[in-house]
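Engineer: Generate a structure from the sequence data that follows.
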Amino acid sequence: MKLHEIRDNEGANRKKKRVARGPGSGKGKTAGRGIKGQTSRSGVALNGYEGGQMPLYRRLPKRGFTKPNALKFAVVNLGQLQAFVDAGKLTAGDVSEDALVEAGVVRRKLDGVRVLAKGELKAALNLTVAGASKAAIAAVEKAGGKVTVTTPAKAEAAE
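Structural biologist: This is a model prediction of the structure:
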């Protein structure tokens with residue numbers, strides 16, 4: 001067998017059914033859409049409509065609650081901080097949220113920066129951030145640094 005001899009199996013490819021091309025086509029006149037009514041017209045999108053049956057999104061129970069004014073934090077892991085210190089983009093010492101944005105650790109502050117404990121930190125950093133996990137605070141202090149947690153700007157405005 002050569003490359004130019006390769007063919008699909010018999011019956012693997014079928015031609016597309018051309019609708020509304022006369023009575024001989026088997027899908028002529030109304031093109032299989034029936035007569036009149038909403039779905040016979042173009043531009044119909046009945047998503048979620050189940051023909052009068054109770055739709056799935058109404059049959060399933062509703063649970064939980066989404067807080068409309070929840071704070072969104074930019075998340076930074078300790079491993080990321082160490083990588084930026086090693087690359088020379090972040091200097092050991094005092095590090096604020098603005099410094100993290102400037103160095104490119106986070107794209108934007110959102111409602112503040114939150115530090116999490118994934119990864120290992122060797123540099124002594126004095127972080128001033130809007131949030132930090134207990135494990136992250138312990139790891140920073142173990143490395144000889146300090147974490148100062150400030151109140152996020154959005155939370156201050158709500159009070």
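
Engineer: can we go C-alpha only for contacts and neighbour counts from here?
Structural biologist: Will do.

Engineer: how about Val75, secondary structure?
Structural biologist: strand (DSSP: H, G, I helix; E, B strand; the rest coil).

Engineer: do the same with the one 4 residues further on
Structural biologist: Classification of Gly79 by three-state DSSP places it in helix.

Engineer: Quick check, it in contact with Lys122.
Structural biologist: No - using Cα atoms under 8 Å, Gly79 is not in contact with Lys122, being 9.4 Å away.

Engineer: What is the neighbour count of Asn13?
Structural biologist: When counting by other Cα atoms under 10 Å, one arrives at 8 neighbours for Asn13.

Engineer: That one and Arg7, how far apart?
Structural biologist: Separation of Asn13 from Arg7 (Cα to Cα, to the nearest Å): 10 Å.

Engineer: now Arg41
Structural biologist: In this view, Arg41 and Arg7 are 40 Å apart by Cα to Cα.

Engineer: Tell me the buried residues in stretch 15-35?
Structural biologist: 27, 31 (16 or more other Cα atoms under 10 Å).

Engineer: pLDDT (mean, whole number) over that stretch?
Structural biologist: Averaging pLDDT along stretch 15-35 gives 90.

Engineer: For the nearest residue to Phe84 once chain neighbours are set aside, give me the pLDDT.
Structural biologist: Spatial nearest neighbour of Phe84, excluding adjacent residues (Cα to Cα, 6 or more residues apart in numbering): Leu90 at 5.5 Å. Here, the pLDDT recorded for Leu90 equals 87.

Engineer: swap in Lys146?
Structural biologist: pLDDT, Lys146: 91.

Engineer: Excluding chain neighbours, what is closest to it?
Structural biologist: Asn126 (4.6 Å).

Engineer: Confirm that that neighbour sits in a strand.
Structural biologist: Yes - looking at Asn126 with three-state DSSP, it is inside a strand.

Engineer: Can you tell me the element Val95 falls in?
Structural biologist: strand 93-96 (DSSP states H and E).

Engineer: Report all helices and strands that that strand contacts.
Structural biologist: strand 125-129 (3 or more Cα pairs under 8 Å, 6 or more residues apart in numbering; DSSP states H and E).

Engineer: That concludes my questions; thank you for your assistance.
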